[in-house]
Structures are given as structure tokens and as C-alpha cells.
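Engineer: task: produce atomic coordinates for the following.
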Amino acid sequence: MNRRSLLLGFLTLACFSLSTVLAEDFSARVAKFSTREALKVGNAWRTDIPDCLKVTLRSSKEIPGKDVFFKAYFYDANGTLLREQTGPSALWTGTKKGVAEYTMPDLFKPGQLEPVYLALPEDVKKMKNVVVVFGQGDNLAYDVYPNTKSIDAFSFAEKDKLKKK
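Structural biologist: Numbers count the residues shown, from 1 in each chain. Next up, the predicted model:
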């Protein structure tokens, strides 16, 4: 292999890697979490749901929280959809403004990790998997909890957009 071919191959790989990084503006990671804080389920504040899911979100660009897409899909062991939820659950907790309702950050700052929460009420007690989708427009990220299955095992509206990545 001559130097020119080697250099061309390296530049092609570098450009491909750069375009891949730029296309991944968002990330989401789901983990089990316990809290004593009140979580909003429907229209009621509940303190009797100690287990919830903490979803850690990241954006590579500054974007208002009101401008992002967030949806969670809860599935049973057979892959049957139990519930879909638009937006995280509200949490009554200490904030910079004192004790207040917190759902989504007002502003995502580049690279900063931001936690949001999903309550696990009675209608999802049989939940075995959750798919969380986060992002803006066609630029979406996802996570499956627990990380034992791929998104191919589930049916949800944004799946085609995610598979094109």
C-alpha cells in the first residue's frame, strides 16, 4: 500500500468519525433509583413509590428543556406495551429556587449530565423493560433498561428514526 492510499484511507475514516460524532447530539442512560421525594403520578403527588427510574440526559449543544423530545415506553416480559409516557415524572425536591416541582431542566448545557425521573406506579409493576427516547427532531437517542435487549424487540413510534442512524 502506498502512502497516498494510506493517507486517503485515514482521511476518509477521520471524516466518517467526525460526522458520526456530530450526528450524536443527545444521549440517555436509564438506571433504577430509590427516592423519598414525592413523585407526581397523574395529578397526585405520591410518596409511597420508593422505586423509580433515573434517566441521565446529555446534550452536546445548548437547548431549552421545553424544546426537547422525551418519551418512555414500558413493556412487560412478553414485549407487550403497558404504558407510554410523554415527558418525565415531576419530582418535588430541592432546587436552586428552593423546594419546588422539577420535571426537566430549563436549559441543557453542552455536555452537562441532567437527571430526570420516571415513577413506577401500579400500572407498570409488571414492567420488565423500558425504552426511553430523547432528543430533538430526527436527532434522537435512546436507552433500553435493563440493557438486555435491543430496540428490535420492541414496537414504538420513533424506532424507524433511530434505526436509520
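
Engineer: so what's the residue nearest to the spatial centre of the chain scoring on pLDDT?
Structural biologist: Centroid-nearest residue in the chain, with Cα atoms, centre = their mean: residue 28, separated by 3.6 Å. Looking at residue 28, its pLDDT stands at 94.

Engineer: kindly report the same for residue 57.
Structural biologist: In this prediction, residue 57 has a pLDDT value of 97.

Engineer: wait, a helix at it?
Structural biologist: No. Using DSSP: H, G, I helix; E, B strand; the rest coil, the assignment for residue 57 is strand, not a helix.

Engineer: now do the nearest residue to it once chain neighbours are set aside against residue 139, distance only.
Structural biologist: Excluding the flanking residues, the one nearest residue 57 by Cβ to Cβ, 6 or more residues apart in numbering is residue 114, at 4.9 Å. C-beta coordinates here come from the backbone N, C-alpha and C atoms, glycine included. Residue 114 sits 17 Å away from residue 139, going by Cβ to Cβ, to the nearest Å.

Engineer: again, but for residue 160
Structural biologist: With Cβ to Cβ as the criterion, residue 160 and residue 139 are 14 Å apart.

Engineer: more crowded one of these two?
Structural biologist: residue 139 (17 against 8; other Cβ atoms under 10 Å).

Engineer: phi first, then psi, for residue 66.
Structural biologist: phi -70, psi -10 (degrees, to the nearest 10).

Engineer: burial of it, as a residue count?
Structural biologist: 9.

Engineer: okay, buried residues for the helix or strand hosting residue 130 please.
Structural biologist: With secondary structure defined by DSSP states H and E, residue 130 is part of strand 129-136. Within strand 129-136, the residues that qualify as buried are 129, 130, 131, 132, 133, 134, 135, counting by 16 or more other Cβ atoms under 10 Å.

Engineer: which residues touch that strand?
Structural biologist: 25-28, 30, 53, 55, 57, 63, 67-75, 79, 118, 140-146, 148-149, 151, 153-154, 156, 158, 162 (Cβ atoms under 8 Å, 6 or more residues apart in numbering).
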